[in-house]
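J.: 3D model of this:
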Amino acid sequence: MRSWKSAPPSLPAADTAPVPRQAFRGANLKVPTMATPFNDFVHDLKFTDLPPEVVTYARRWLLDLIGVAAGGSTTDLSRIIRDHAAAQFGAGHRRAHMLFDGRIVSPAGAALAGGMTIDALDGHDGHKLTKGHVGCGVLPAALALAEAEEQLSGEDFLTTLVIGYEIGTRAGIALHRTACDYHTSGAWIAVTCAGLGARTLGLDRARTREAIGIAEYHGPRSQMMRCIDHPTMLKDGSGWGAMTGVSATYLAADGFTGAPAITVEGDDVADLWGDLGSNWRIFEQYFKAYPVCRWAQPPVQAVMDLRAEHGLESEDVERIEVVTFHQSLRLATRRPTTTEQAQYSTAFPVASAMVRGRVGAAEVAPEAFSDPEILRLADSMVVSESDNYNAAFPARRIAHVTLVLKDGRQLTSPPTEARFDPEHPVDDAVVHEKFHALAEPSIGAPNALAIEQVVAKMGAGSGLADLLSELRCGVACMDRVSEKA
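T.: Numbering: from 1, shown residues only. This is a model prediction of the structure:
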């Protein structure tokens with residue numbers, strides 16, 4: 001059994017590389033294989049190589065992503081993109097179901113729709129140094145590829161998910177290191193999903209190199225701050241990146257060629273890939289307590305803490321003053337008219353936290369946008385940036401708030417970071433509570449419980465077919481929930 005605690009062995013020469021699990025239609029590619037740890041890790045990692053704690057984290061992020069997907073499936077964004085995928089990404093002889101929909105589309109279409117459905121509710125895991133989200137694109141791509149290729153082992157699926165987190169985190173850091181602009185997660189998720197596709201399809205080493213090269217070249221190099229300044233349904237590009245990565249895999253299988261992926265093969269990023277299998281970056285992901293941009297969560301948490309500590313209600317507060325970092329300042333919407341604007345705002349969720357003592361799906365839904373007390377505090381909020389907090393970003397996201405009370409007192413929080421950073425891991429009980437809070441209104445308690453039970457046993461008694469069956473619950477489930485209500 002190969003140990004991933006030691007350096008992976010060198011790859012075999014191109015002419016002795018393992019034979020793919022299936023025959024591909026393209027001619028043999030006369031290009032050198034990519035002799036890097038990337039290929040060994042993608043193709044050779046086994047479930048038995050995973051430390052038990054890595055498996056625990058894989059199940060944790062899997063359940064959390066599914067809960068966010070269930071909540072996101074009720075948004076206009078999700079409805080539009082799923083209808084688009086059904087109309088424009090019809091299934092050929094490879095087919096996959098869309099998340100919480102039931103309709104069958106191509107694997108690329110399912111990855112697109114699933115990634116954007118998760119991204120529709122900004123409550124999924126993320127990583128500080130990637131300034132983005134790995135699981136959002138990896139999960140729907142992995143599901144679509146496994147279903148299309150009929151690879152339904154629970155152990156294999158969890159292994160693929162772990163590989164996605166390990167590759168995706170490194171690819172995100174590599175892109176930020178080598179590109180001068182700040183790109184959305186989709187830019188590096190494309191490379192990640194092509195790597196997963198290469199494993200699932202059993203591509204040889206040469207075609208794997210082409211797949212990730214195609215994906216990097218065609219990946220959506222979308223500029224994140226444009227969507228921060230003008231929040232729309234574009235979000236973080238994860239769905240488009242997942243679709244690109246899946247498409248790149250099938251193109252490479254047919255003999256389509258790409259350019260070398262510089263975020264994987266460049267000398268200036270070699271250090272990121274050399275510790276695959278010994279430094280498990282799945283542990284570095286943070287958990288979101290609230291479905292809004294991570295940059296807004298430090299001041300949200302500071303307000304929540306002050307509110308609880310002093311037993312305050314919003315009527316006690318004249319105004320809120322927030323000192324944060326520049327990127328959080330840029331989340332500038334005060335009066336959202338869409339859920340995207342509410343999720344990419346600092347003032348609105350901070351005001352919601354003061355008024356309602358919570359920030360959940362209901363606080364970024366249209367019914368909250370006309371709440372006069374939330375609008376009063378959002379409109380009057382003073383938001384400024386700190387040079388010290390700017391210097392700490394992105395490794396740390398820090399803010400503090402001052403509540404100016406109507407009785408003349410001023411209460412100031414200490415410098416505060418969001419809850420459940422990787423240095424302070426989330427408890428499983430919190431993960432399960434959040435999952436049910438997001439999933440049950442959309443798919444009902446029985447279906448949510450069934451998913452929870454399947455995920456808990458994934459790789460230890462449950463196969464992927466069990467999970468896929470539950471995830472097909474879409475409009476029919478929602479209709480049943482409405483009838484019971």
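J.: distance check, the spatially closest residue to residue 227 that is not a sequence neighbour against residue 112.
T.: Distances taken as C-beta to C-beta, 6 or more residues apart in numbering place residue 234 nearest to residue 227, at 5.0 Å, with adjacent residues excluded. C-betas here are computed from N, CA, C, even on glycine. As defined by C-beta to C-beta, to the nearest Å, residue 234 lies at a distance of 13 Å from residue 112.
J.: these two - which one has more neighbours?
T.: For residue 234 versus residue 112, neighbours defined as other C-beta atoms under 10 Å are more numerous around residue 112 (32 against 20).
J.: quick one, phi psi at the nearest residue to the more buried one once chain neighbours are set aside?
T.: Closest residue to residue 112 apart from its sequence neighbours, by C-beta to C-beta, 6+ apart: residue 243 at 3.8 Å. Taking degrees, to the nearest 10, you get phi -60, psi -40 for the backbone angles of residue 243.
J.: hmm, residue 243 is touching residue 106, no?
T.: No: if you go by C-beta atoms under 8 Å, residue 243 and residue 106 don't touch, sitting 9.4 Å apart.
J.: the more surrounded of these two?
T.: Just comparing residue 243 and residue 106: by other C-beta under 10 Å the higher neighbour count belongs to residue 243, 33 against 24.
J.: and the gap between the more buried one and residue 219?
T.: 10 Å.
J.: determine the longest helix present in this structure.
T.: In the chain, assigned by DSSP state H, the helix with the most residues is helix 154-178.
J.: the residue nearest to residue 112 and residue 95: what is the separation?
T.: Going from residue 243 to residue 95 by C-beta to C-beta gives 15 Å.
J.: and residue 473, what pLDDT?
T.: Model confidence at residue 473, given as pLDDT, is 76.
J.: any idea which element it lies in?
T.: Using DSSP states H and E, residue 473 maps to neither a helix nor a strand.
J.: need the contact list for it.
T.: 100, 102, 443, 447 (C-beta atoms under 8 Å, 6 or more residues apart in numbering).
J.: try 7 Å
T.: 100, 443, 447 (C-beta atoms under 7 Å, 6 or more residues apart in numbering).
J.: go on, residue 431?
T.: Contacts for residue 431 (C-beta under 7 Å, 6+ apart) come out as 60, 63-64, 287.
J.: after the helix or strand where it lies, next one along is what?
T.: Using DSSP H and E, residue 431 sits within helix 428-443. Counting by DSSP H and E, the element after helix 428-443 in chain order, helix or strand, is helix 445-456.
J.: mean confidence for that following helix?
T.: In this model, helix 445-456 has a mean pLDDT of 96.
J.: buried set for that helix?
T.: 447-448, 450-452, 454-455 (16 or more other C-beta atoms under 10 Å).
J.: closest one to residue 390 out of those, please.
T.: Within the buried residues of helix 445-456, the smallest distance to residue 390 is 38.9 Å, found for residue 455 (C-beta to C-beta).
J.: was I right to think that closest one contacts residue 60?
T.: No: using C-beta atoms under 7 Å, residue 455 is not in contact with residue 60, being 9.0 Å away.
J.: and the one helix or strand residue 351 maps to, what other elements does it pack with?
T.: Per DSSP H and E: residue 351 is located in helix 347-356. Judged by 3 or more C-beta pairs under 7 Å, 6 or more residues apart in numbering; DSSP states H and E, the packing partners of helix 347-356 are helix 297-310, strand 317-324, helix 372-380.
J.: where does the chain dip in pLDDT?
T.: Scanning the chain for pLDDT under 70 picks out 1-35, 474-485.
J.: nearest spatial neighbour of the residue nearest in space to the middle of it, skipping sequence neighbours?
T.: The centroid of the chain falls nearest to residue 136 when counting by C-alpha atoms, centre = their mean (2.6 Å). Nearest-residue entry for residue 136: residue 238, 4.1 Å, with adjacent residues in sequence omitted and distances by C-beta to C-beta, 6+ apart.
J.: ok, that neighbour to residue 227 distance?
T.: Separation of residue 238 from residue 227 (C-beta to C-beta): 12 Å.
J.: more crowded one of those two?
T.: residue 238 (34 against 18).
J.: thinking the more buried one is in contact with residue 137, fair?
T.: Yes: here residue 238 reaches residue 137: they are 4.0 Å apart, a contact under C-beta under 7 Å.
J.: give the buried residues for stretch 224-236.
T.: 224, 227-228, 231, 233-236.
J.: and for stretch 174-192?
T.: 174-176, 182-192.
J.: and of those, the nearest to residue 322?
T.: Closest to residue 322, out of all of these and judged by C-beta to C-beta, is residue 182, at 22.2 Å.
J.: need the nearest residue in space to the closest one, chain neighbours excluded.
T.: Nearest non-adjacent residue to residue 182, counting by C-beta to C-beta, 6+ apart: residue 224, 5.0 Å away.
J.: hmm, residue 181 and that neighbour touching each other?
T.: No: using C-beta under 7 Å, residue 224 makes no contact with residue 181, being 8.6 Å away.
J.: and the strands in this structure, which stretches?
T.: 96-97, 104-105, 317-324, 382-385, 400-405, 410-412 (DSSP state E).
J.: wait, which of the ones you listed is closest to residue 56?
T.: Among these, the nearest to residue 56 by C-beta to C-beta is strand 96-97 (27.2 Å).
J.: what's that closest one in contact with?
T.: Contacts for strand 96-97 (C-beta under 7 Å, 6+ apart): 104-105, 107, 110, 144, 147-148, 468, 472.
J.: including distance to residue 383 and neighbour count, could those residues go into a markdown table?
T.: Formatted as a markdown table, the contacts of strand 96-97 follow (distance: C-beta to C-beta, whole Å; neighbours: other C-beta atoms under 10 Å):
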| residue | distance to residue 383 | neighbour count |
| --- | --- | --- |
| 104 | 46 | 16 |
| 105 | 42 | 25 |
| 107 | 43 | 30 |
| 110 | 40 | 32 |
| 144 | 40 | 34 |
| 147 | 45 | 21 |
| 148 | 46 | 24 |
| 468 | 44 | 18 |
| 472 | 43 | 17 |
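J.: can you add distance to residue 73 and give those back as a markdown table?
T.: Putting the contacts of strand 96-97 into a markdown table (distance: C-beta to C-beta, whole Å) gives the following:
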| residue | distance to residue 73 |
| --- | --- |
| 104 | 17 |
| 105 | 15 |
| 107 | 19 |
| 110 | 13 |
| 144 | 16 |
| 147 | 18 |
| 148 | 21 |
| 468 | 16 |
| 472 | 12 |
